[in-house]
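[1] model the structure of this input:
(4 chains)
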There are 2 protein chains.
Amino acid sequence: MVDSMVRGDTRTMVLENAKRLFARHGYAGVSVREIARACDIRAASLYHHFPDKESLYLATMEFAFADKAEAIMQAAGPDGSPRERLIRFVTRFTALIAEDRDFRLLLQRELLDGDERRLRLIAEKLFERPFQAIAGLAEALAPACDPHLLAISLAGLILFHFETAPVRRFLPGGRTDHDDPEVIAHHVLALISRALGESP
Amino acid sequence: MVDSMVRGDTRTMVLENAKRLFARHGYAGVSVREIARACDIRAASLYHHFPDKESLYLATMEFAFADKAEAIMQAAGPDGSPRERLIRFVTRFTALIAEDRDFRLLLQRELLDGDERRLRLIAEKLFERPFQAIAGLAEALAPACDPHLLAISLAGLILFHFETAPVRRFLPGGRTDHDDPEVIAHHVLALISRALGESP
DNA sequence: GTCTATATATGGATAGAC
DNA sequence: GTCTATCCATATATAGAC
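    Residues are numbered from 1 along each chain as shown, chains lettered A, B, ... in the order given. The predicted model follows:
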């Protein structure tokens, strides 16, 4: 048990490479051979660890999403005043998204391509509790507002800046420092703070 | 010229089917044969109208994005007070996104998969002027705020509600009426209005 | 647990008849 | 302008040696 974690077994190496490749090119855009090549093994060897491509993809999702739910929940935790909680959530969630680009890409691809079964699975096993935490924060911030809608808006404000990063640099007023997580967090924080009648 | 527009030639029919299929499954997720089958012709016939798959995809993007720039610019136009302009933009942009799901999907896929050349092309030929219109509105609304960041936030607030629609229904507090464009527009409007110190 | 070799299906694309 | 037939590369997946 300890050994396999220390040395990093083949399965984990496959998952790391699969995560990167699926994130960058999508499920249909990556072949099993390409994943195998990235691992410096043959495709046939890969089938020793995973029964087929779809199982490998699902295992990759589990691997990529592991611990994210917990991290988001802690970011949106109930400690402190609503304003303190907002600052903590925006800061940590922005950093979380910035530091694992492939996680964000996989998430966005899943929103585009996930079938009902997979999306329900992701929602219930992964995002139900962190989303509830964000919705709880939303309710503390603006009791009159629909917490579900405000929670989505909070996450969307942050995620969309990353999502549009590849094209923003070609748009008027686009600067490279707009991709800086701290700049994004500061902007979102100022916007939401003012929406809640507090000084930015 | 008139005839081809009235009867709707094969090329247009191909582009309509390609738009739907590329939007739903992505470039790598759709084969030329599948597009041909949707058009009820053979794949070889398709190559009479387009030299290869990539050219068909690029033509599909042009077809899907046609007139969108103009529509967004009009939504973000300079007439009226800042508050009137905001209401008009949020209302129309939300409706615009809601009424053409495949356009939105193609846009999101392009943000994920577009190479630098294609993203620069889209930015310059398609989004430069409408984005400038939104940034102009942002500047009128909040002169102290970076108009680029605020413009992105405005668009993101709206788009993210559509992007997350497939998974929101499985999340706590999710209701089907959260997918209603008017509900989304009302929520975003209330949020932004308050962020700018006006009554919702 | 990884390899070579291969079965089998499907992919993009072309040739040439009509 | 559409068809049938086909080329050839690549796809997923398996068999069986080591």
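[2] tilt between the helix or strand where A:Leu157 lies and helix B:147-163?
    Using DSSP states H and E, A:Leu157 sits in helix A:147-163. On the basis of axes from the mean of the first three to the mean of the last three CA atoms, to 10 degrees, helix A:147-163 is oriented at 120 degrees to helix B:147-163.
[3] just checking, what packs against helix A:147-163?
    Packing partners of helix A:147-163 (3 or more CB pairs under 8 Å, 6 or more residues apart in numbering or on different chains; DSSP states H and E): helix A:82-99, helix A:101-113, helix A:128-141, helix A:181-195, helix B:147-163, helix B:181-195. C-beta coordinates here come from the backbone N, C-alpha and C atoms, glycine included.
[4] ok, which of those helices comes nearest DNA strand D?
    Across the helices and strands packed on helix A:147-163, the minimum distance to DNA strand D, taken as CB to the nearest atom of the strand, is reached by helix A:101-113, at 14.9 Å.
[5] next helix or strand past the closest one?
    Per DSSP H and E, the first helix or strand lying C-terminal to helix A:101-113 is helix A:116-122.
[6] quick check: residues of chain A near DNA strand C?
    A:9-10, A:40-45, A:48-49 (CB under 7 Å from any atom of the strand).
[7] hmm, 6 Å instead?
    For chain A, the residues in contact with DNA strand C (CB under 6 Å from any atom of the strand) are A:10, A:41-42, A:44-45, A:48.
[8] in PyMOL, select just the buried ones from those.
    PyMOL command restricting those to the buried ones, with burial defined by 16 or more other CB atoms under 10 Å in any protein chain shown:
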select buried, chain A and resi 41
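[9] which ones among the residues of chain A next to DNA strand C map onto strands?
    The members of these all map outside strands under DSSP state E.
[10] between which two of the residues of chain A next to DNA strand C is the distance greatest?
    A:Thr10 and A:Ala44 (13.1 Å; CB to CB).
[11] quick one: furthest residue from the center of chain A?
    A:Ala44 (31.1 Å; CA atoms, centre = their mean).
[12] ok, it to A:Val30 distance?
    Per CB to CB, to the nearest Å, A:Ala44 is found 17 Å from A:Val30.
[13] kindly report the same for A:Lys19.
    On the measure of CB to CB, A:Lys19 and A:Val30 end up 11 Å apart.
[14] same thing with A:Ala64?
    Distance from A:Ala64 to A:Val30, by CB to CB: 14 Å.
[15] kindly report the same for A:Leu106.
    Applying CB to CB, the value for A:Leu106 to A:Val30 is 12 Å.
[16] right, is the helix or strand where A:Asn17 lies up against DNA strand D?
    In the assignment (DSSP H and E), A:Asn17 maps to helix A:10-25. No. Interface with DNA strand D: helix A:10-25 contributes nothing (CB under 6 Å from any atom of the strand), its closest point being 10.4 Å away.
[17] can that helix be said to contact chain B?
    Yes. Contact of helix A:10-25 with chain B (CB under 8 Å from any CB of the partner chain) involves A:His25.
[18] what residues sit buried inside that helix?
    A:14-25.
[19] can you list contacts of it?
    If you take CB atoms under 8 Å, 6 or more residues apart in numbering or on different chains as the criterion, helix A:10-25 is touched by A:30, A:34-35, A:38-39, A:41, A:45-46, A:49-50, A:56-57, A:59-60, A:63-64, A:101-103, A:105-106, A:109, B:28, B:113.
[20] any regions of chain A where pLDDT drops low?
    Counting by pLDDT under 70, chain A contains low-confidence ranges at A:1-8, A:197-200.
[21] alongside DNA strand D, which residues does it contribute?
    Residues of chain A lying near DNA strand D (CB under 6 Å from any atom of the strand): A:31-33, A:43-44, A:47, A:52-53.
[22] tell me the centre residue of chain A?
    Nearest to the mean C-alpha position of chain A, counting by CA atoms, centre = their mean, stands A:Arg104 at 3.9 Å.
[23] got the phi/psi numbers for A:Gly26?
    Main-chain torsions, A:Gly26, degrees, to the nearest 10: phi 80, psi 160.
[24] count the residues that sit near it.
    22 (other CB atoms under 10 Å in any protein chain shown).
[25] check the one 10 residues further on too.
    With neighbours defined by other CB under 10 Å, the count for A:Ala36 comes to 19.
[26] so it, which of the three states?
    Per DSSP: H, G, I helix; E, B strand; the rest coil, the local secondary structure of A:Ala36 is helix.
[27] how about it: what's its closest non-neighbour residue?
    A:Ala43 (4.3 Å; CB to CB, 6 or more residues apart in numbering or on different chains).
[28] residues touching the one you found, list them.
    Contacts for A:Ala43 (CB under 8 Å, 6+ apart) come out as A:32-33, A:36.
[29] for these, which one is nearest B:Ile87?
    A:Val32 (51.5 Å).
[30] I'd say the closest one and A:Ala44 touch.
    No. Look at A:Val32 against A:Ala44 with CB atoms under 8 Å: they stay out of range, at 9.6 Å.
[31] please state the offset of stretch A:27-44 from the chain centre?
    Remark: stretch A:27-44 is offset 24 Å from the chain centroid, using CA atoms, centre = their mean, to the nearest Å.
[32] okay, buried residues for that stretch please.
    For stretch A:27-44, by 16+ other CB under 10 Å, it's A:27, A:29-30, A:32, A:35-36, A:38-39, A:41.
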